[in-house]
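[1] Curious how this folds, go ahead:
(chains A and B)
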Number of protein chains: 2
Amino acid sequence: MNPRLFSFVGGTTGAWRVVRIDTRCGEPLSSAERLDMVAGTPADARDTRWVLRGVTSNERYVTRAEKDRLLAGQPSLGRPEATCAALIPLRKNADWWALTQDERRRIMEDRSRHIAIGLQYLPAVARRLHHCRDLSEREPFDFLTWFEFSPADAAAFDALVAELRASDEWQFIDREIDIRLVRD
Amino acid sequence: MNPRLFSFVGGTTGAWRVVRIDTRCGEPLSSAERLDMVAGTPADARDTRWVLRGVTSNERYVTRAEKDRLLAGQPSLGRPEATCAALIPLRKNADWWALTQDERRRIMEDRSRHIAIGLQYLPAVARRLHHCRDLSEREPFDFLTWFEFSPADAAAFDALVAELRASDEWQFIDREIDIRLVRD
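    Purely as a prediction, here's the structure:
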């Protein structure tokens, strides 16, 4: 098993209670009461509605200057006060994947300020990106991004995703689900 | 199954006869008489010594200008005259993967001219790159590159790999196997 593989399991168990699942575009995801995040693949498939899997990987776009600013500001997962979370599975369309590295970087950062926008919300929002597109199986999404924040920062998190969704980069997204959760 | 997944099966069957397996660095790979390249995962594991798997993916480094030159010059796999092949599995070390995108691009192209060197050997050498690092399983290599060329271009192919191995980029490689094959 890839040691960087994580599974997000929607069903009836897990530390996170699902508050809502919004389909932003593309095919919906079926409902679930709770969500479990596990390293590797879940051992037990009982009471599972869906399993979304992805691997953490090397940086694909950030420069050293941006990475240093991210490292200085970004909090770790699992802060006691971060009782709110979001899982946002995304798929980008074939036009995006046919672009070259310089073209994707230009859309993502020069035109959409994806990294700069994210930096504005540090240290409030913890984030971990998982890649699905190059797993061995055919996966329903390209990326799974997991965010954790405190209830006091929930409005700021809404502003963050609204800014990103208004960007040029989002024109390449053909499936997006926004899953909000609380730990209780 | 990911539709971009390919398996290279070392054993006693397959269209390609193994001429030699050279361990350039790191742990060796066990010997095999023949190699089969199959889409997806092999159905039958009998007489199999090893299976190396990887997915073709989006471009990670090339710019649009470089991509256009590659597309103009690169031949497809399966040319009747291309009866020689090489499979070169590579693994890069942790230092490489900790670099940011701009740092890796600088080493790979500005300092090592990886893409420019490859362009010099078109249209003689056909190439397909497979990524293994972000598969679901723990894989022994990060990349599998498959090359096809005619016997008349075998010396040119040796010059190509010698140029790349002399580059700064190769200082980050901690396992490399060079498998040479002929179709008979």
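[2] drop to CA atoms for contacts and neighbour counts, all remaining ones
    Fine.
[3] ok, now how distant is the residue minimising distance to the centre of chain A from chain B?
    Nearest to the geometric centre of chain A sits A:Thr145, at 1.0 Å (CA atoms, centre = their mean). Noted for A:Thr145: a distance of 16 Å to chain B, by CA to the nearest CA, to the nearest Å.
[4] which SSE is that residue in?
    strand A:143-149 (DSSP states H and E).
[5] helices or strands up against the very next helix or strand once past that strand?
    Downstream of strand A:143-149, the first helix or strand assigned by DSSP H and E is helix A:154-165. The elements that helix A:154-165 packs onto, with contact taken as 3 or more CA pairs under 8 Å, 6 or more residues apart in numbering or on different chains; DSSP states H and E, are helix A:114-120.
[6] 10 Å - rerun?
    Helix A:154-165 is packed against strand A:84-92, helix A:114-120, strand A:143-149, with contacts defined by 3 or more CA pairs under 10 Å, 6 or more residues apart in numbering or on different chains; DSSP states H and E.
[7] Kindly reformat those as CSV and extend each row with mean pLDDT.
    Formatted as CSV, these follow (pLDDT from 0 to 100):
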stretch, mean pLDDT
strand A:84-92, 98
helix A:114-120, 95
strand A:143-149, 98
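[8] With distance to A:Gly14 as extra columns, can I get these in a markdown table?
    Listed next are the helices and strands packed on helix A:154-165 as a markdown table, based on distance: least, CA to CA, whole Å:
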| stretch | distance to A:Gly14 |
| --- | --- |
| strand A:84-92 | 13 |
| helix A:114-120 | 28 |
| strand A:143-149 | 15 |
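[9] what's the burial count for the closest residue in space to the residue nearest to the centre of chain A that isn't next to it in sequence?
    Take A:Thr145 and drop its neighbours on the chain: the residue closest to it by CA to CA, 6 or more residues apart in numbering or on different chains is A:Leu129, 4.6 Å away. By other CA atoms under 10 Å in any protein chain shown, the residues close to A:Leu129 number 18.
[10] For A:Leu129, what are phi and psi?
    Per-residue torsions, A:Leu129: phi -100, psi 130 (degrees, to the nearest 10).
[11] quick one: it and A:Leu77 touch, right?
    No. If you go by CA atoms under 10 Å, A:Leu129 and A:Leu77 don't touch, sitting 11.8 Å apart.
[12] Find the residues that touch each one of those two.
    A:Trp146, A:Phe147 (CA atoms under 10 Å, 6 or more residues apart in numbering or on different chains).
[13] coming back round to it: who does the residue nearest to the centre of chain A form a beta bridge with?
    A:Ile88, A:Leu129 (DSSP bridges).
[14] got the contact list for it?
    A:54, A:56, A:86-90, A:127-131, A:178.
[15] Mind listing residues that contact stretch A:41-53?
    A:1-2, A:5-13, A:29-40, A:89, A:130-132, A:135, A:137, A:139-144, B:136.
[16] ok, now with 6 Å
    Stretch A:41-53 is contacted from outside by A:Phe6, A:Ser7, A:Phe8, A:Val9, A:Gly10, A:Gly11, using CA atoms under 6 Å, 6 or more residues apart in numbering or on different chains.
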